[in-house]
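> Dropping a prediction and its sequence here:
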Amino acid sequence: MYTTLWLSKGNEIHQTMDVDSLLARARDLDHQALAAIHETYYPAIYRYVHYRLDDEELVEDIAADVFMCLLDNLQDGRHTIRDVRAWLFGTASHLVNDALRRKYRKPVENLEDHEHLSSNLTPEHAAEWHEQAWAVKRAMRLLTPEQQQVLVLRFSMEFSLEETALVMKKSVGAIKTLQFRALGALRRHLTRGDEE
Amino acid sequence: MIRNEELNRVFEDCLARLQHGASLEEVLQKYPEWREELRPVLEAMLALWESRGSDTVPVAAMRRSREHLLEEAQRRRAVEPPPSFWVRWLRKTSGFIVPAVVFLVVLGLFLTGWASVKALPGEAFYPVKLAAEQITLNFSASPSQRMELEDAYNLRRAEEVEALIQRRRKQEVTFSGYLTEEGDHTWRINGIPLDVPSTLKDGLANLAGSYVDVRGSSTQDGHLMLEWAEPRVYTLTGKVQAVEGERVRVAGLWVTLEPKVVGNQRLDVGQEAEVSVIRLADRSLLAVKITLKAGGNNSNEDRSGQELEDATKPIIQPTGVPTPQPEEMQKEDNPGPDEEKQPTATVEDSRRHEDGEKTAPTSEKREDSESSSKGHEKLPELTRTPD
């Protein structure tokens, strides 16, 4: 696989490099390569974990742990990473599932103020979106872990069918069926939530 | 199934249209027959899309994660690089691997030894068997212990020949034992009947009753065809320890002498002598050659064997002398008070002097053969060759 990443240093230098050489440098604990990988994938990983968990601290811990796992894997050298994005999301998915198994908590609204990367909404819009997002999230929690995973990957992270199949280790056909059923279930839960 | 596939295809098309800015109603109008199925699903999908904006990434969390990652990388770079996977695997499993390797080696040696013990001449493991026997012989503590081992191994050779004959396998063999002739003129060695070619019969008669080395071939019709036979000759070296009638004791062993072997030599106690002997079926030793060395009572004479046939002064007294007992054959290991004063004597296969080869001198199968007297009457020739 040959993927181009945009490597930034400060706000001045931008260069491109293929993922394989980046991973090779990261294996040698090269700071620049590790920082590039982190900067490229952290937001998506964080969002993915946040879609599936409500505990902000736990989300932050798991997102950070994903990259520590990457560091361990690179140094271990036992397994070759063919698709770093799929590998990161697959690892995140495992960590989330482990966290859910250890401690399942009902979502608790967290009203802490954070400085957000994409926080460019007015307070009114933010409140409206927050309410809608909360309803979706609540409905999502009622789905099975697989249904949650496929919906987050496909429609929140905008993964293709093939990428989703790679992360979830399923066939494309199975992903199509799973996502359709998951959306139907989500719709039912959303409707039920509106009625309540 | 086909309906599901079609629905999936339509859904993917709707998804693409929505991503390109089409409204939900526009998309549903394109597929009126699927409207009922598509509407709830697409509405759920749009709700998901719209909720994406609320999942923003805290900058502080991203910074902390980045710093943690780089600090860990810095820490790992400062310490010794971790060993490779295989090195760690070996370290982990060394506690198991070493005993496993030792076990496999021991098992391999055991299986090889077990297979070689049952091996017969001509089989793959037979050289291993012979090599193991040779090693044991080399570690034998004393000449007598070595002779006992050689006897045991010679008996093993005879058993191998019997096994080959029973299996009707054609194979050249070499072994040792007492040669006997039974009433029906059947020649046997260690009880194994021999097919003797007519050209060898006369020569074989001269060896009757003695301990011989033979070479032959087991045949596919269950016989052993004799090809070559030779008496096993030992050399005893040391001082003459006793003289009783027709017997003399040298190197702790009683040896029967015949006048024609002694010739006109005078044997006295204390003389240095070298005696070549053969073993007879009654477990006695018969001298075939005696040489008195310088420094003895008759040091000027050094004549022996057939050269002394015309001797006029026999010194062996023809008195009734008891037959040497088997215990006396072991005197070498347990010498009496008299023998302890004598210099150390050696018992060795004479052929080792000649060509350095090691051969087994004795057999445990000793027969009280009636034909033992023949050995006294006839002087065996040292070598018999059929060709």
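That came in fine, so what should we check first?
> ok, now which ones touch the spatially most central residue of chain A?
The centre of chain A sits closest to residue A:48, judged by Cα atoms, centre = their mean, with a distance of 2.3 Å. For residue A:48, the contacting residues are A:89, A:92, A:93, A:152, A:153, A:156, A:157, by Cβ atoms under 8 Å, 6 or more residues apart in numbering or on different chains. For every residue, glycine as well, the C-beta is placed using N, CA and C.
> need the longest helix for the chain.
Reading this off chain A. helix A:172-195 (DSSP state H).
> could you do chain B instead?
Counting by DSSP H, the longest helix found in chain B is helix B:85-117.
> what helices or strands is that one leaning on?
Where contact means 3 or more Cβ pairs under 8 Å, 6 or more residues apart in numbering or on different chains; DSSP states H and E, helix B:85-117 is packed against helix B:126-138.
> Pull out the buried residues from the helix it packs on.
B:126, B:128, B:129, B:133 (16 or more other Cβ atoms under 10 Å in any protein chain shown).
> centre of the chain versus that helix, how much separation?
On the basis of Cα atoms, centre = their mean, to the nearest Å, helix B:126-138 is displaced by 4 Å from the centre of the chain it belongs to.
> next helix or strand past it?
Counting by DSSP states H and E, the next helix or strand C-terminal to helix B:126-138 is helix B:143-166.
> What mean pLDDT does the helix or strand just after that next one get?
Counting by DSSP H and E, the element after helix B:143-166 in chain order, helix or strand, is strand B:171-181. When pLDDT is averaged over strand B:171-181, the result is 85.
> what lines up beside strand B:171-181 in the sheet?
Here strand B:171-181 is paired, per DSSP bridges, with strand B:187-189 (antiparallel), strand B:211-218 (antiparallel).
> Next, the angle helix B:143-166 makes with the last one.
Between the axis of strand B:211-218 and that of helix B:143-166 there is an angle of 30 degrees, by axes from the mean of the first three to the mean of the last three Cα atoms, to 10 degrees.
> in the helix or strand following strand B:211-218, what counts as buried?
Using DSSP H and E, the helix or strand that follows strand B:211-218 in sequence is strand B:224-231. Within strand B:224-231, the residues that qualify as buried are B:224, B:226, B:227, B:228, B:229, B:230, B:231, counting by 16+ other Cβ under 10 Å.
> Same check on stretch B:204-223?
Quick answer for stretch B:204-223 (16+ other Cβ under 10 Å): B:204, B:206-214, B:216, B:218-219, B:223.
> Determine whether any part of the helix or strand hosting residue B:25 lies close to chain A.
For residue B:25, the host element (DSSP H and E) is helix B:24-30. No: residues of helix B:24-30 contacting chain A under Cβ under 8 Å from any Cβ of the partner chain: none, with a closest distance of 12.8 Å.
> what packs against that helix?
Using 3+ Cβ pairs under 8 Å, 6+ apart, helix B:24-30 sits against helix B:2-19, helix B:35-51.
> show me what contacts the residue nearest the centre of chain B?
For chain B, residue B:129 is the residue whose C-alpha lies nearest the centre (Cα atoms, centre = their mean; 2.5 Å). Residue B:129 makes contacts with B:116, B:117, B:119, as judged by Cβ under 8 Å, 6+ apart.
> if we go to 6 Å?
Contacts for residue B:129 were tallied using Cβ atoms under 6 Å, 6 or more residues apart in numbering or on different chains; they are B:116, B:119.
> which residues make contact with stretch B:21-41 from outside it?
A:183, A:184, A:187, B:10, B:14, B:17, B:42.
> Toward the C-terminus, what is the element adjacent to the helix or strand in which residue A:150 is found?
Applying DSSP H and E as the criterion places residue A:150 in helix A:145-151. If you walk from helix A:145-151 toward the C-terminus, the next helix or strand you reach (DSSP H and E) is helix A:161-168.
> so what does that next one touch, helix or strand wise?
Secondary-structure packing of helix A:161-168 (3 or more Cβ pairs under 6 Å, 6 or more residues apart in numbering or on different chains; DSSP states H and E): helix A:84-102, helix A:172-195.
> Using JSON lines, please lay out those helices together with mean neighbour count.
JSON lines is the format used below for these (neighbours: other Cβ atoms under 10 Å in any protein chain shown):
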{"stretch": "helix A:84-102", "mean neighbour count": "19"}
{"stretch": "helix A:172-195", "mean neighbour count": "18"}
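> To residue B:188, which of these lies closest?
helix A:84-102 (82.9 Å; Cβ to Cβ).
> Now that closest one - C-alpha only, PDB.
Extracted in PDB, the C-alpha atoms of helix A:84-102 (Å, rounded to 0.1, in the frame of the first residue of the first chain):
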ATOM      1  CA  VAL A  84      -2.000   1.300   9.300                       C
ATOM      2  CA  ARG A  85      -5.400   2.900   9.300                       C
ATOM      3  CA  ALA A  86      -7.300  -0.400   9.500                       C
ATOM      4  CA  TRP A  87      -4.800  -1.600  12.100                       C
ATOM      5  CA  LEU A  88      -5.400   1.500  14.300                       C
ATOM      6  CA  PHE A  89      -9.200   1.200  14.100                       C
ATOM      7  CA  GLY A  90      -9.100  -2.500  14.600                       C
ATOM      8  CA  THR A  91      -7.000  -2.000  17.800                       C
ATOM      9  CA  ALA A  92      -9.300   0.800  18.900                       C
ATOM     10  CA  SER A  93     -12.300  -1.400  18.400                       C
ATOM     11  CA  HIS A  94     -10.700  -4.200  20.500                       C
ATOM     12  CA  LEU A  95      -9.900  -1.700  23.300                       C
ATOM     13  CA  VAL A  96     -13.400  -0.300  23.300                       C
ATOM     14  CA  ASN A  97     -14.900  -3.800  23.500                       C
ATOM     15  CA  ASP A  98     -12.600  -4.600  26.300                       C
ATOM     16  CA  ALA A  99     -13.600  -1.500  28.100                       C
ATOM     17  CA  LEU A 100     -17.300  -2.200  27.600                       C
ATOM     18  CA  ARG A 101     -16.800  -5.700  28.900                       C
ATOM     19  CA  ARG A 102     -15.000  -4.400  32.000                       C
END
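> That one and chain B, any residue contact?
No: Helix A:84-102 is not in contact with chain B by Cβ under 6 Å from any Cβ of the partner chain; minimum separation 12.5 Å.
> Over that helix, what's the mean pLDDT, rounded is fine.
88.
> That one vs helix A:161-168, what angle?
Between helix A:84-102 and helix A:161-168, the angle comes out at 50 degrees (the same axes, to 10 degrees).
> What is the burial count for residue B:71?
10 (other Cβ atoms under 10 Å in any protein chain shown).
> and it, how far is that from residue B:136?
Distance of residue B:71 to residue B:136, given as Cβ to Cβ, to the nearest Å: 68 Å.
> related to what we said a few turns ago, wait, which of the buried residues of helix B:126-138 is closest to chain A?
Distance to chain A, by Cβ to the nearest Cβ, is smallest for residue B:128 among the buried residues of helix B:126-138, at 43.1 Å.
> residues in contact with that closest one?
residue B:116.
> Try it again at 10 Å.
Residue B:128 is in contact with B:112, B:113, B:115, B:116, B:117, B:119, counting by Cβ atoms under 10 Å, 6 or more residues apart in numbering or on different chains.
> Now do the contacts for the nearest residue to the third one once chain neighbours are set aside.
With Cβ to Cβ, 6 or more residues apart in numbering or on different chains as the measure, residue B:125 is the residue that lies nearest to residue B:115, at 4.8 Å, once sequence neighbours are left out. Under the criterion of Cβ under 10 Å, 6+ apart, the contact list for residue B:125 reads B:111, B:112, B:113, B:114, B:115, B:116, B:117, B:118, B:119, B:132.
> rerun at 8 Å
With contacts defined as Cβ under 8 Å, 6+ apart, residue B:125 is in contact with B:112, B:115, B:116, B:119.
> Worst mean pLDDT across the helices and strands of chain B, which element?
Using mean pLDDT, DSSP states H and E, strand B:346-349 stands out as the lowest-scoring helix or strand of chain B, at a mean of 32.
> Give me the neighbour count for the closest residue to residue A:92 other than its chain neighbours.
Once flanking residues are discounted, residue A:92 sits nearest to residue A:66: 4.9 Å by Cβ to Cβ, 6+ apart. By the criterion of other Cβ under 10 Å, residue A:66 has 28 neighbours.
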